[in-house]
Every structure is written in C-alpha cells, then in structure tokens.
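Chemist: Coordinates for the following, if possible.
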Amino acid sequence: MEKLENKILDISAKLGNEVHLSAIRNTFISMLPIMIFGGLFAVIGSAPATEDATGFMRVWADFVASNSKIFSWISVLGLGFTTLYIVIGITYNLCKSYKIEPLIPLFISCFGIFILNVNPEELVYGMSLADLTYLDGKGIIIGLFVGIVTVDIYRVLKEKNFGKIKLPESVPPSLSETFSSLTIAVLIMLLYLGIFAIFNAMGTTLAAWIGGLISPQVEATDSLVFILIMTFIINGAWFFGIHNATFWGLMGPIMFMNLSTNAAQHASGLAATSILTEYFGGYFVCIGGTGACLSIALLCCFSKSKTIKTVGRISVLPAFFGISEPVTFGLPMMLNPIFFVPCAMVPTINALISYICMSTNLINKTFAMLSFNMPSVFGSFLSTGDMKALVLVVVLLIIDMILYYPFLKMYEKQQLKLENSDEE
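Modeler: Model (predicted):
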C-alpha cells in the first residue's frame with residue numbers, strides 16, 4: 001500500500017510541476033477576477049422576474065431592461081474574450097517559468113490568436129472588422145496552442161541565437177532586445193500566417209475547423225458517463241492525497257469552454273446547453289469541497305466521540321465555503337479505508353442526480369462565473385438564476401449525510417474504543 005501511495009504521489013507531483021500544465025493552471029487562476037466580474041454582471045442582468053412581478057423584482061427587471069446594453073457588454077468583456085485572456089496568461093506564465101522577457105512573445109501570441117481565431121469580414125475601419133465568435137470559450141484550444149507554441153519556439157531559437165543581430169553596446173537594451181528577436185518573431189508570425197492562408201483558402205479558420213472536428217468529443221465530455229467517471233476518479237484520487245488541481249490541465253479548458261458557451265447563450269436570450277462546468281462541480285457535486293465534505297463535517301458535530309466532534313466544529317465553517325482540507329486531514333479521511341467508498345461515491349451520486357435535473361430542464365444549467373468558494377446554497381442559485389437549484393443543493397446535502405452516516409458510525413466506534421482505553 002505504501003509503495004502504491006508513493007508511486008501515485010510521485011506521478012502527481014510530476015504532473016503538478018510540469019511547466020505547461022502549471023502555466024495553464026496559473027492562467028485560469030489569474031483570470032478569476034475579470035471572469036467573476038463579468039459573471040456578476042451576467043447574474044445581475046438576468047432578473048428572474050415574470051411579467052406580473054411587483055415590488056423589488058419589478059424594479060430590478062426594469063433597471064436591467066433600461067441598461068441592457070451595459071450589462072450585456074460587461075458580461076461579454078468578462079466572458080466573451082476568454083481565449084484572448086488565456087493566450088496572454090499562458091504566454092506570460094511560460095515566459096516567467098523559462099525566465100524570458102515576456103513582452104515580445106506576448107505581442108506574437110496576440111497576433112497569432114487573432115489571425116487563427118478571427119475570420120475577417122470587412123477590413124475597413126469604422127465598419128465591421130471581423131467575426132469574433134472564436135475569441136470566447138469556443139477558441140480555447142487554439143489559445144492553448146498559440147501560447148505554448150509561441151513561447152517554446154521563441155525559447156529554443158533564442159537559446160540557439162537564431163538570426164541574432166549584433167548591435168553596438170551604445171544601443172539601448174530595449175532596442176537591442178527587439179532587434180535580436182526580430183528574426184524569430186517574424187518567423188513565428190509567418191508560421192501563423194501560413195496556417196491562416198491554408199484555412200482561409202478553405203473558407204474557414206483554424207479555430208472553426210478544430211471546433212467542428214472536436215465537437216463530438218466535446219459533447220462526449222458533457223455526457224453522463226464521462227462526468228460520472230471523472231467525478232469518481234478525481235474524488236477517489238483525493239483519498240490518496242492527489243489534489244484535484246492535478247486534473248486541471250485536462251478538465252479546466254473543457255469546463256471554461258462550456259461555461260463561456262453557456263454565458264454567451266444566456267446573454268443572447270437562449271437556454272444554456274452545457275452541464276459540465278466548474279460550478280456544476282463546485283456547487284452541486286462537491287458540496288463542501290472535494291469528497292462533498294460539508295455533510296460529514298455536519299455529522300461530526302453531533303458525534304459521541306470527543307475527537308470527531310472537535311474536528312466537526314473546526315471544519316464545518318471551512319466546508320461551508322468549499323474547503324474540505326480540515327475534515328479530510330482532521331478525521332482523517334485520507335488513506336483511511338473506511339472512507340474511500342463514500343469519498344468517491346457521494347460526489348458521484350450528487351453528479352448523477354444533478355445531471356438528471358439539468359438534462360431534463362428541471363433546473364437551469366450554470367452560466368455565471370462566481371467565486372469557487374461561495375457556499376453552494378448561494379452559488380447554486382446565482383450561477384443558474386434558478387431558485388430550484390438551491391432546493392436541489394439542500395436535498396443533495398441531506399442525501400450526502402445519509403450516505404456518509406454509516407461509515408462515520410463505523411469510524412466513531414473505533415475512536416470511542418481508543419478514547420475509552422486512554423481514560424482507563
């Protein structure tokens with residue numbers, strides 16, 4: 001068991017420290033302020049008021065109606081340019097890891113993302129310049145590609161002094177750096193220009209072509225089977241000490257893409273279509289953090305064991321805000337054979353019930369980006385604009401407590417024996 005644990009932790013550490021995955025993870029974290037800001041305006045701009053609403057709801061709805069352009073525009077700025085923010089973040093974080101001056105690679109990446117994602121319509125200033133469809137979540141894959149390719153090619157060629165132009169020492173450092181990187185920058189931009197030319201001749205863009213190619217695969221990730229399998233794996237891995245951030249390189253782009261699509265659909269007055277988003281997982285599946293630990297933290301508060309009760313009182317507040325570490329390490333649940341089954345299965349059951357409710361339109365799908373640590377009882381409603389979502393979370397919490405109860409009682413018996421033997 002110890003050898004398996006060490007092997008798993010070693011793999012997890014290598015994945016967590018891999019420079020590209022680390023850059024992706026840090027980029028998504030850094031994007032949170034602007035995404036949350038856009039998400040808040042999306043929430044405020046979707047007053048859940050009917051035509052016969054009165055009082056506060058009527059005032060809210062009228063205010064939104066009279067300022068709809070402002071709410072829509074800020075929401076688009078926050079969520080509709082996701083790919084642009086991602087390529088900037090990945091380029092910067094990779095440059096930081098490689099200890100490269102980031103400004104020139106950032107300019108190259110911006111050139112690359114616009115030429116590969118944007119389909120020019122009318123190149124006349126003052127008129128519609130382009131179709132910006134793939135600058136939102138639908139173009140994330142190209143954003144990852146451009147950010148990584150730009151920096152890696154730039155770094156390799158820079159290290160080999162490719163095309164370096166020697167200038168006198170009297171030339172200012174900033175100008176010298178620009179000229180020494182000129183050949184590399186032109187080469188990378190020509191690469192992107194060549195890709196653009198190929199797909200433009202086909203009447204499309206790389207982003208649109210990739211989008212059509214992977215559409216079935218992306219839809220498959222939004223399927224019940226994929227969601228249940230990944231929920232079980234991620235929460236089961238937490239039992240062995242593998243943090244869910246390890247899976248962010250795989251799941252993050254998919255969930256951001258889906259959330260961005262949902263936000264765009266909501267802003268257009270359409271129903272959101274994607275279920276798998278970060279907030280589906282945070283507010284409905286893992287209520288109280290990885291392992292859905294709010295339920296067991298609440299149960300611990302009423303335990304006969306002094307140790308377990310103390311852990312419950314300490315951990316219930318953090319769990320309310322989606323932080324599971326206090327109860328996970330405090331009981332402990334991690335590497336405790338009694339808790340493996342509920343740690344992996346309780347969130348999986350939550351995912352099953354929530355998926356059924358959303359796929360049958362019993363409750364709305366998430367469309368707004370909020371703080372991941374917002375309590376599920378609030379986040380579920382605000383991210384969907386549906387009061388029934390709050391009711392679902394309460395029902396799920398009760399189910400989670402019922403499922404965790406027998407396993408906690410088994411552990412409680414062990415603890416009571418230890419406490420009684422210590423007293424004797």
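
Chemist: Strands of this protein, residue ranges please.
Modeler: Listed in chain order, the strands of the chain (DSSP state E) span 119-120, 130-131.

Chemist: mean pLDDT for the ones you listed: which is lowest?
Modeler: Of all these, the minimum mean pLDDT falls on strand 130-131 (a mean of 54).

Chemist: For the protein, which element, helix or strand, carries the lowest mean pLDDT?
Modeler: Counting by mean pLDDT, DSSP states H and E, the weakest-scoring helix or strand in the chain turns out to be strand 130-131, with a mean of 54.

Chemist: Outline the domain layout of this protein.
Modeler: 2-213, 224-423 (automatic domain parsing).

Chemist: Just say which of these is most tucked in.
Modeler: Scoring the domains of the chain by mean neighbour count under mean count of other CB atoms under 10 Å gives domain 224-423 as the most buried, with a mean of 20. C-beta: built from backbone N, CA, C; applies to glycine.

Chemist: hang on, isn't Asp386 packed against Leu362?
Modeler: No - counting by CB atoms under 8 Å, Asp386 stays clear of Leu362, with 9.3 Å between them.

Chemist: For stretch 395-410, give the mean pLDDT please.
Modeler: 94.

Chemist: Ile233 and Ile242: what is the separation?
Modeler: From Ile233 across to Ile242, the span is 10 Å (CB to CB, to the nearest Å).

Chemist: Kindly report the same for Val394.
Modeler: If you go by CB to CB, the gap between Val394 and Ile242 works out to 30 Å.

Chemist: And Phe284, by the same measure?
Modeler: From Phe284 across to Ile242, the span is 22 Å (CB to CB).

Chemist: Could you tell me the per-residue confidence at Ile8?
Modeler: Reported pLDDT for Ile8: 53.

Chemist: what sits up against stretch 298-305?
Modeler: 308-309, 311-313, 315-316, 319, 327, 331, 401, 404-405, 408, 412, 415-416, 419 (CB atoms under 8 Å, 6 or more residues apart in numbering).

Chemist: Out of these, list just those in helices.
Modeler: For the contacts of stretch 298-305, membership in helices holds for 308-309, 311-313, 315-316, 319, 327, 401, 404-405, 408, 412, 415-416, 419, with DSSP state H as the criterion.

Chemist: end-to-end on stretch 360-369?
Modeler: The first and last residues of stretch 360-369 sit 22 Å apart, counting by CA to CA, to the nearest Å.

Chemist: And the average pLDDT for it is what?
Modeler: Here the average pLDDT along stretch 360-369 is 89.

Chemist: Hmm, Ala272 is touching Phe367, no?
Modeler: Yes - Ala272 is within contact range of Phe367, at 4.7 Å (criterion: CB under 8 Å).

Chemist: List the residues that are in contact with both of the two.
Modeler: Asn262, Gln265, His266.

Chemist: would TSV of these with distance to Ser75 be doable?
Modeler: As requested, those are exported to TSV (distance: CB to CB, whole Å):
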residue	distance to Ser75
Asn262	12
Gln265	12
His266	8
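
Chemist: can you tell me which residues contact the closest residue to Ile275 other than its chain neighbours?
Modeler: Among residues not flanking Ile275 along the chain, Met358 sits closest, at 5.0 Å (CB to CB, 6 or more residues apart in numbering). Neighbouring residues of Met358 by CB under 8 Å, 6+ apart: Ile275, Phe280, Asn364, Lys365.

Chemist: and of these, the nearest to Leu213?
Modeler: Ile275 (22.0 Å; CB to CB).

Chemist: Give the phi and psi angles for the closest one, as a check.
Modeler: Dihedral angles of Ile275 (phi, psi; degrees, to the nearest 10) stand at phi -90, psi -40.

Chemist: That one and Thr384, how far apart?
Modeler: Distance from Ile275 to Thr384, by CB to CB: 11 Å.

Chemist: Now do the shared contacts for those two.
Modeler: Lys365.

Chemist: any weak-confidence spans in the stretch 51-200 of the chain?
Modeler: Applying pLDDT under 70 to the stretch 51-200 of the chain flags the ranges 51-53, 121-133, 163, 165, 167-177.

Chemist: residue boundaries of the helices in it?
Modeler: 55-66, 68-79, 82-98, 103-117, 140-159, 173-180, 182-201 (DSSP state H, counting those that start in this stretch).

Chemist: and the ones you listed as CSV, adding distance to Met374?
Modeler: Converted to CSV, the helices of the stretch 51-200 of the chain look like this (distance: least, CB to CB, whole Å):
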stretch, distance to Met374
helix 55-66, 20
helix 68-79, 16
helix 82-98, 20
helix 103-117, 31
helix 140-159, 24
helix 173-180, 43
helix 182-201, 39
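
Chemist: Any idea which of those gets closest to Ile229?
Modeler: That would be helix 140-159 among the helices of the stretch 51-200 of the chain, by CB to CB, at 21.6 Å.

Chemist: Put the alpha carbons of the closest one into CSV.
Modeler: What follows is helix 140-159 as a C-alpha-only set of coordinates in CSV (Å, rounded to 0.1, in the frame of the first residue of the first chain):
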residue,chain,number,x,y,z
ILE,A,140,-9.7,28.0,-26.0
ILE,A,141,-7.9,25.1,-27.7
ILE,A,142,-6.3,27.4,-30.2
GLY,A,143,-5.4,29.8,-27.3
LEU,A,144,-3.5,26.9,-25.6
PHE,A,145,-1.8,26.0,-28.8
VAL,A,146,-0.7,29.6,-29.7
GLY,A,147,0.5,30.4,-26.2
ILE,A,148,2.6,27.2,-25.9
VAL,A,149,3.9,27.1,-29.4
THR,A,150,4.9,30.8,-29.4
VAL,A,151,6.9,30.6,-26.2
ASP,A,152,8.5,27.2,-26.9
ILE,A,153,9.7,28.1,-30.4
TYR,A,154,10.8,31.5,-29.2
ARG,A,155,12.8,30.0,-26.3
VAL,A,156,14.5,27.3,-28.4
LEU,A,157,15.5,29.7,-31.2
LYS,A,158,16.6,32.3,-28.7
GLU,A,159,18.9,29.8,-26.9
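
Chemist: looking at it, Ile108 is touching Ile188, isn't it?
Modeler: Yes - contact status for Ile108 versus Ile188: in contact at 5.3 Å, counting by CB under 8 Å.

Chemist: anything in contact with each of the two?
Modeler: Thr150, Tyr154.

Chemist: Could you dump the contacts of Met358 into JSON lines and include distance to Ala23?
Modeler: Below are the contacts of Met358 laid out as JSON lines (distance: CB to CB, whole Å):
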{"residue": "Ile275", "distance to Ala23": "28"}
{"residue": "Phe280", "distance to Ala23": "25"}
{"residue": "Asn364", "distance to Ala23": "33"}
{"residue": "Lys365", "distance to Ala23": "29"}
